[in-house]
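> pasting the structure only:
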């Protein structure tokens, strides 16, 4: 890179939420000069960067003009204007992950077709252009309908179990996917830099909150048999290499009851399933993303100890000025790290922070995490 | 505290250097709203806080007015206007560490007298009001002359070995102190909160660069015999309790060749001798300082592994726009964490950053640190 990351290189981040915030916490160590674009004037990154701009991430002109201010552009959310990113790439701005990858991953239909073309195991699927497509579905019930675009944090996903559900189905381009009664959801985050160095983080196990389809609970490292973990990690590395991505790639996978691994979804950025790496691994996912996009040697990814991560979601019955009940009590406990996201207002299931619990005794880490979950609540 | 640290509490930091910067990196996790005062318009904290103000830290009006903006005021440097802090305390602003403690520690003469009054072992000393006082010194040569005020980062300290040195001695209120031919310099950082909970970090061993009297090298944990470490930790706790400090207290000590521990100096704030705690201990000194001043339960201080910290000082022959030679090479190494301080310009021996190396194999950590020291240079 012509400019030095530690001095004159201007880094732009599209999105100023918690992922950007944690990325900035790391970027400080690298002296990066950071600009952030976000539609929310009170975004979590607001006062933590050299330049904060309020603007729509899906607007061509806004993204284009913002991009022209910086040397290297990255994202913390996929839903950005990719036409502007392609134009910026043409004009010599470095965009990592590359615009074509963001375009691919924005569309869950294209994502699935990419899996198919590259022999990446994934649940059988079918693309449909509207609800009517369900009538000609070749898949048997039950299946999952997913909007091709704009699904996020569990939204845009629906289980179709019977004929009655079809009337409530999304009326938009979507895909339907065989319902996988999986054993466990697992995740691998992989990083790749311009020098084509690739490193995967150890596999983690996730537990979802079925009500809102958000990660509720994550355990690192996984205790699955070595060969399963190795397959998951190899698969994630293969995908990063097939894509030739520069930056982080989070790969969410299903482990089926008969030991098969199916790729569920990709995210080309730091991801909720890697938050435990801040305290749990030698290199955090945020430091690794910066190393990758700055084309620095990638850091080691091994676990330093057992880590359990729980998302701190707004309680379902509360909306308004956030209050954190039980914070002092959980800080009395062993190995508890609190990360609040600087959001003034809570609403049901809003991600307000996360807590990581580390312990050399895995059972102890899980026990502490359960009790943190019982004690700590975000209300208004 | 009437206000909640995670929402409406406004935290002010006097000083916007690297210590403030690393404190902010932690404060982000607590949702703290941070204001910073520093005389340098390009201070390392400049773009990382809600409010950054340029102003003199030793000016009464500037500090007073800044203090009135916040609910809780802390410091990252002792050289601040204490009269203003006392006035602010009277008017209900919380100042941690307390103004009286900053006043005491600002004056190395008062510090030494405090040690004497509280039976805290320290090198024999004598206060003098000017160079002439050396003629009536009861201490035998060689001794150390220290300015009572404004010494910092090795400045204001001089060894007087013979009669000729006396002519070059400082012409200002100072103290002279018996020259201690110590075995090793050790440090303990202790935290105390308003609830009177007190916790010490494990003892660390320091190696100084004799040319500039700055910590060059720090190893954690110490391998000294258990009883010595325990004495050092108990001594640090006693001092924190004698002072009734709220916040962090860094205690620098000499271990003499016959196993005696003598207290050298205090700093009522995060300290260079605790930087390794970010990656090396369960709680970092910065998180601990915040827990202490927010009156939260203190975090555990145990070492997670061996950590060696080296200061990244500007090379002696360079002045100007900073360049970091060898950064990529050291990032290839195992367990290397780089912390750059966001300083645009380097000058000889300026603290530009630090590097922490962790490794479960202590010899390996030291070996890597030595090689990082050889490779990584700050030039212009």
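Sure, I can see it. All figures in this text were calculated on a predicted structure; none of them were measured in a lab.
> report the contact partners of the nearest residue to residue A:322 once chain neighbours are set aside.
Closest residue to residue A:322 apart from its sequence neighbours, by C-beta to C-beta, 6 or more residues apart in numbering or on different chains: residue A:346 at 4.1 Å. Any C-beta I mention is one placed from the backbone N, CA and C, and that applies to glycine too. Residue A:346 makes contacts with A:314-315, A:318-323, A:352, A:378-380, as judged by C-beta atoms under 8 Å, 6 or more residues apart in numbering or on different chains.
> which strand residues bridge residue A:346?
Judged by DSSP bridges, the bridge partners of residue A:346 are residue A:320.
> and if you look at the one 5 residues further on?
As for beta bridges, residue A:351 partners with residue A:313 under DSSP bridges.
> hmm, residue A:341 and it touching each other?
Yes. Here residue A:351 lies in contact with residue A:341, judged by C-beta atoms under 8 Å, at a distance of 6.8 Å.
> related to what we said a few turns ago, just flag the most distant two among the contacts of residue A:346.
A:315 and A:321 (13.3 Å; C-beta to C-beta).
> the more surrounded of those two?
Higher neighbour count among residue A:315 and residue A:321: residue A:315, with 18 against 12, using other C-beta atoms under 10 Å in any protein chain shown.
> just confirm the more buried one contacts residue A:376, I think it does.
No. At 10.4 Å, residue A:315 does not count as touching residue A:376 under the criterion of C-beta under 8 Å.
> who in the stretch 151-300 of chain A is up against chain B?
A:282, A:291, A:296-297, A:299-300 (C-beta under 8 Å from any C-beta of the partner chain).
> and the pLDDT for whatever residue of the stretch 51-200 of chain A ends up closest to chain B?
Nearest to chain B in the stretch 51-200 of chain A, going by C-beta to the nearest C-beta, is residue A:51, at a distance of 8.2 Å. Looking at residue A:51, its pLDDT reads 97.
> beta partners for it?
residue A:35.
> list the contacts for it?
The contact partners of residue A:51, taken as C-beta under 8 Å, 6+ apart, are A:34-36, A:69.
> tell me the one of these nearest chain B?
residue A:34 (8.1 Å).
> and the closest one, how far is that from residue A:284?
For residue A:34, the distance to residue A:284 equals 17 Å [C-beta to C-beta, to the nearest Å].
> kindly report the same for residue A:263.
On the measure of C-beta to C-beta, residue A:263 and residue A:284 end up 24 Å apart.
> over to residue A:265?
22 Å.
> which of those two has more neighbours?
Of the pair residue A:265 and residue A:284, residue A:284 is the one with more neighbours under other C-beta under 10 Å, namely 24 against 17.
> what helices or strands is the longest helix seen in chain A leaning on?
The single longest helix within chain A, with elements called by DSSP state H, is helix A:226-243. Other elements packing on helix A:226-243 under the criterion 3 or more C-beta pairs under 8 Å, 6 or more residues apart in numbering or on different chains; DSSP states H and E are strand A:184-192, strand A:198-200, strand A:247-255, strand A:261-267.
> which positions in the stretch 1-150 of chain A make contact with chain B?
So the stretch 1-150 of chain A meets chain B at A:4, A:6-7, A:21, A:24-25, A:28-31, A:47-50 (C-beta under 8 Å from any C-beta).
> what would these look like in TSV with neighbour count and secondary structure?
Output for the residues of the stretch 1-150 of chain A next to chain B, formatted as TSV (neighbours: other C-beta atoms under 10 Å in any protein chain shown; DSSP: H, G, I helix; E, B strand; the rest coil):
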residue	neighbour count	secondary structure
A:4	14	coil
A:6	21	coil
A:7	16	coil
A:21	26	helix
A:24	25	helix
A:25	21	helix
A:28	24	helix
A:29	23	helix
A:30	22	helix
A:31	23	coil
A:47	19	coil
A:48	27	coil
A:49	23	coil
A:50	14	coil
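> which of the residues you listed sit farthest apart?
Farthest pair in these, by C-beta to C-beta: A:4 and A:47, 25.6 Å.
> outline the domain layout of chain A.
As recorded under automatic domain parsing, the domains making up chain A are A:10-95, A:124-178, A:184-379.
> which of these sits closest to residue B:207?
Taking C-beta to C-beta, domain A:10-95 is the member of the domains of chain A nearest to residue B:207, at 23.5 Å.
> pull the contacting residues for the residue nearest the centre of chain A.
What sits nearest the mean C-alpha location of chain A, by C-alpha atoms, centre = their mean, is residue A:271, with 2.7 Å. When contacts are counted by C-beta under 8 Å, 6+ apart, residue A:271 touches A:19, A:187, A:189, A:248, A:250, A:285.
> ok, of the residues you listed, which come out buried?
Among those, those classed as buried by 16 or more other C-beta atoms under 10 Å in any protein chain shown are A:19, A:187, A:189, A:248, A:250, A:285.
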